[in-house]
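Undergrad: Sequence first, predicted model second:
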Amino acid sequence: MLPFALPNALDIWLGSYLRQAPRRWARPRGDVHLLLCVADHYEPNLGGASDAVALRRVERWVRDYPRHLGAFRDSDGRPPRHSFFYPIETYHADHIDMLGELCQQGFGEVEVHLHHDNDTSANLRRTLTEARNTFAGRHRQLARDRRTGAVKYAFIHGNWALDNSHPTGCACGVNDELDILRETGCYADLTMPSAPDRAQTRTINSIYYAVDDPRRPKSHDTGTPVGSAPRPANSLMMIQGPLVLNWALRKFGIVPRVENGCVQGNQPPSTARLKNWLRARVQVPSRPDWYFVKLHTHGANEGNMDALLGAPAVRFHSDLARLAAENPRFHFHYVTARELYNLARAAEDGWTGTVDAARDYELDWIGAERAAPAAGSVPAHASV
């Protein structure tokens, strides 16, 4: 880390970025499987919106998502899937119920999001436990461990300050947050990258295990890459999105822009951006054909909904289908946060089967209410 601050928090992550150059420029060999996950900081009350405005925002999603994107299918025949990380501090039961309608149609799943400040460990544990029980019990959301039946969830930290990582000490307050997440059922954190925010970690473009050190903040700054060594005890999986320099888009024609996987009104999804998302090479070593691409957005914001539900999204999904039709070695798979985790775990275990068969590898979606494993799925920790 450089001893001085740079724009876009480059002083934090530039060293890691330079070290990753060889893998970033290596040409793919064989097939490419794009595992595309949209992790939405889904905040209907964003900006202090009234409950009436928040409700209209959710209603638009429930109406327009199937209408505009429902006809698209990935290489497995699945429609676009969205992970709604809902902020539990502004919980409205009717929002989750309406999103549940989308989820039941196969368009996604609901997960846990939280903004908090000056918090305590005890209060955080209570908050997460109550949210887990409400989302799973009342709304039939979240995941369930196929071996133990325990309820599990994915997490995104509001304001990026996971594990009290903001240098000002704001927007969290809990140094043992990773342990509390893991102990309350969190299976993975999908907060990063946060650049240009200075809560950004040194570790970038990675899926890794982080072990909490309650004596200090930002324990997820570094960790053990998934698949590179046995999983450390008492660790939590971190699934990061892409973070690269975009030399094709330069400020003043000189300085490269930062591509951080953010999808919003002025940054719609596109095949031009897809090249950088793939170039980040977020992967598990045993499956070099699987490219984990976790994007993030604030989808309940009107300015961003046009990019996610309107013409830019339609064009992007059309382009993915065209790319797959033109290139038999390119395959794309719409996945939820839970499925992305399952695929990382399958790859870690040496899975040699298809993407579709490993979507429920370790965790089921509670909303499916399966009495038995679905046809074509695999038992947890099945031999490979």
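TA: Everything's here; your move. Numbers count the residues shown, from 1 in each chain.
Undergrad: next helix or strand past the helix or strand harbouring N246?
TA: N246 belongs to strand 244-251 when assigned by DSSP states H and E. The element immediately downstream of strand 244-251 (helix or strand, assigned by DSSP H and E) is strand 255-259.
Undergrad: for the record, mean pLDDT for the helix or strand just after that next one?
TA: The first helix or strand that comes after strand 255-259 along the chain, using DSSP H and E, is helix 271-279. Confidence for helix 271-279, expressed as mean pLDDT, is 97.
Undergrad: Other residues contacting whichever helix or strand comes after helix 271-279?
TA: Using DSSP H and E, the helix or strand that follows helix 271-279 towards the C-terminus is strand 290-297. Strand 290-297 is contacted from outside by 32-41, 156, 190, 207, 239-242, 261-264, 269, 274, 277-278, 280-284, 304, 307-308, 337, 340, 343-344, 347, 355, using CB atoms under 8 Å, 6 or more residues apart in numbering. Bear in mind the C-beta positions are built from the backbone N, C-alpha and C, glycine included.
Undergrad: rerun that using 7 Å as the cut-off
TA: The contact list for strand 290-297 (CB atoms under 7 Å, 6 or more residues apart in numbering) reads 32-41, 190, 207, 239-242, 261-264, 277-278, 282-284, 304, 308, 340, 343-344, 347.
Undergrad: Run the angle between that strand and helix 271-279 for me.
TA: Angle, strand 290-297 to helix 271-279, by axes from the mean of the first three to the mean of the last three CA atoms, to 10 degrees: 120 degrees.
Undergrad: mind listing the strands for the stretch 1-150 of the chain?
TA: 32-41, 82-87, 108-114, 143-145 (DSSP state E, counting those that start in this stretch).
Undergrad: so which of the ones you listed comes closest to T222?
TA: strand 32-41 (21.7 Å; CB to CB).
Undergrad: so how far is T90 from L46?
TA: 9 Å (CB to CB, to the nearest Å).
Undergrad: of those two, who's got more company?
TA: Counting neighbours by other CB atoms under 10 Å for L46 and for T90 shows that L46 has the greater number, 19 against 16.
Undergrad: surely the more buried one meets E302?
TA: No - at 9.6 Å, L46 does not count as touching E302 under the criterion of CB atoms under 7 Å.
Undergrad: Extract the C-alpha set from the top helix by length along the chain and format it as CSV.
TA: When the chain is parsed with DSSP state H, its longest helix is helix 51-69. These are the backbone C-alpha positions of helix 51-69, laid out as CSV (Å, rounded to 0.1, in the frame of the first residue of the first chain):
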residue,chain,number,x,y,z
ASP,A,51,-43.3,4.8,1.8
ALA,A,52,-45.6,5.6,-1.2
VAL,A,53,-42.7,6.3,-3.5
ALA,A,54,-40.9,3.2,-2.2
LEU,A,55,-43.9,1.1,-2.9
ARG,A,56,-44.1,2.4,-6.5
ARG,A,57,-40.5,1.5,-7.0
VAL,A,58,-41.0,-2.1,-6.0
GLU,A,59,-44.2,-2.3,-8.1
ARG,A,60,-42.3,-1.2,-11.2
TRP,A,61,-39.8,-4.0,-10.7
VAL,A,62,-42.6,-6.6,-10.2
ARG,A,63,-44.3,-5.3,-13.4
ASP,A,64,-41.4,-4.6,-15.7
TYR,A,65,-38.9,-7.2,-15.0
PRO,A,66,-40.9,-10.1,-16.4
ARG,A,67,-42.4,-7.9,-19.1
HIS,A,68,-39.1,-6.7,-20.5
LEU,A,69,-36.6,-9.5,-19.6
